[in-house]
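Enquirer: Structure for the following, please:
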Amino acid sequence: MPIRIITIEREYGSGGAMIALRLARRLGWKLWDEELSAEIARVANVAPEAVRRRDEQVDSLLTRLFKVFARGSYERALPVSTEQLPDTDWMVAALHKVVESAASRGNCVIVGRGSPYILRHRDDAFHVFVYAPREEKIKRVMSIGKSEKEARQLIEEIDRERASFIRHYFGKEWPHRPLYHLMMNSKCGDEFVVETILRQIAAIEAAEPSPKKP
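Expert: Here you go, the predicted structure:
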């Protein structure tokens, strides 16, 4: 079966979102990143103006964990208000609905949001995990305006929260290695990672047996 969906899960600071963008442009496919966050807000019936900065200390643990996934690439740069949100279990159900809907349209690259777990049974999906050495991740995070101290803190805390979310809602450790078709170190270079993903997908599709003629 041809690959029609690519999911990019990543460690914070590894550059996975930029790799997903490059990949989508190369393929001419739809990138679900920013728009996925907007769609989650729509399904959760949260008006855009309700998305405001808020002290995370007043939120429940699971709500904070959900927000790590709802924000996608933006992480804590765009905190999501919970003033109009229902309970976290309902929000996760909305997350499933949005990711599955995006996948059903095909020819897309989906960034994070637990998409490899949600779409794990689809034969037309190719799942990638992007990681990088700690110092490489610190450099990338600092390049978007964070101090070294902030970068180190974000790298540690966000991935810890992602792991907690996956453990709670999917019963797996993060990253769950058997789930991925490919795990890549982005220190090799973003373009190299993109090329490797494309080669692996081409190899999988070429290995598919040709349909028998009637």
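
Enquirer: For the rest of this, base every contact and every neighbour count on C-alpha atoms.
Expert: Will do.

Enquirer: So which helix or strand of the chain has the lowest pLDDT on average?
Expert: Within the chain, no helix or strand scores below helix 61-71, which has a mean of 54 by mean pLDDT, DSSP states H and E.

Enquirer: residues near F192, how many?
Expert: 15 (other Cα atoms under 10 Å).

Enquirer: Surely T7 is within a strand?
Expert: Yes - under DSSP: H, G, I helix; E, B strand; the rest coil, T7 falls within a strand.

Enquirer: residue contacts, it?
Expert: V109, I110, V111, G112, S115, P116, A125, F126, H127, V128 (Cα atoms under 8 Å, 6 or more residues apart in numbering).

Enquirer: circling back to that earlier point, quick one: name whatever helix or strand follows the least confident helix or strand of the chain.
Expert: helix 88-104 (DSSP states H and E).

Enquirer: What pairs with the following helix or strand past that next one, parallel or antiparallel?
Expert: Per DSSP H and E, the first helix or strand lying C-terminal to helix 88-104 is strand 108-111. Using DSSP bridges, the strands paired with strand 108-111 are strand 5-10 (parallel), strand 30-32 (parallel).

Enquirer: hmm, back to that, flag whichever of the contacts of T7 scores worst on pLDDT.
Expert: Least confident entry in the contacts of T7, by pLDDT: G112, with 86.

Enquirer: ok, back up a step: just the contacts of T7 now: which is nearest V98?
Expert: Distance to V98, by Cα to Cα, is smallest for S115 among the contacts of T7, at 9.9 Å.

Enquirer: Phi first, then psi, for the closest one.
Expert: S115 has phi and psi values of phi -60, psi -40 when expressed as degrees, to the nearest 10.
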